[in-house]
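Asker: Could you look at this predicted model? Sequence included:
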Amino acid sequence: MIISPCISICKTDPVSGYCYGCGRNRDEIKMWGDPKTSEVWKIQNLKNIKTRLNGWQLKSFEESYEYKVKNGTSLFKKANKK
């Protein structure tokens, strides 16, 4: 099972329509929540997300997503539990 790219920083850029945290748009977020969405689509979407993000934003996403995959929660949620 492929883990959702949501890293709990859910704010959308009003110009691009992409989330500042995960780089997805509303339609992509809905697709991730649909149980009929294929793993192939999810893998491709993760690749697309990484092409949208760059610099510190890409680095932050990759670090937080990797942590979420390994630990089941995002770094943002971990920091807020303290």
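Answerer: Nice, thanks for sending it over. Residues are numbered from 1 along each chain as shown.

Asker: which stretches of the protein have low pLDDT?
Answerer: Applying pLDDT under 70 to the predicted model, the residue ranges of the chain that meet it are 82.

Asker: try 90 this time
Answerer: By pLDDT under 90, the low-scoring segments of the chain are 1, 74-82.

Asker: would you list every one of the helices in it?
Answerer: 26-33, 39-52, 55-71, 75-80 (DSSP state H).

Asker: How many residues are close by Arg24?
Answerer: 23 (other CB atoms under 10 Å). Yep, even glycine has a C-beta here, placed from its N, CA and C like the rest.

Asker: sorry, back to before: and the helices of the chain as TSV, adding distance to Cys19 and mean neighbour count?
Answerer: Written out in TSV, the entries for these read as follows (distance: least, CB to CB, whole Å; neighbours: other CB atoms under 10 Å):
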stretch	distance to Cys19	mean neighbour count
helix 26-33	7	14
helix 39-52	9	14
helix 55-71	10	14
helix 75-80	13	14
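
Asker: Which among these is found nearest to Ser16?
Answerer: Among the helices of the chain, helix 39-52 comes nearest to Ser16, with 8.3 Å by CB to CB.

Asker: Tell me what angle that closest one forms with helix 26-33.
Answerer: For helix 39-52 against helix 26-33, the angle by axes from the mean of the first three to the mean of the last three CA atoms, to 10 degrees is 140 degrees.

Asker: wait, doesn't Ser8 sit right on Lys78?
Answerer: No. In this structure Ser8 lies outside contact range of Lys78 using CB atoms under 8 Å: 9.5 Å.

Asker: quick one on the thing from earlier: got the helices of the chain as CSV, with distance to Ile2 columns?
Answerer: Formatted as CSV, the helices of the chain follow (distance: least, CB to CB, whole Å):
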stretch, distance to Ile2
helix 26-33, 9
helix 39-52, 4
helix 55-71, 9
helix 75-80, 19
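
Asker: Distance of the closest residue in space to Met31 that isn't next to it in sequence relative to Glu28?
Answerer: Distances taken as CB to CB, 6 or more residues apart in numbering put Thr37 closest to Met31, at 5.0 Å, once the chain neighbours are dropped. From Thr37 over to Glu28 the distance is 10 Å, taken as CB to CB, to the nearest Å.
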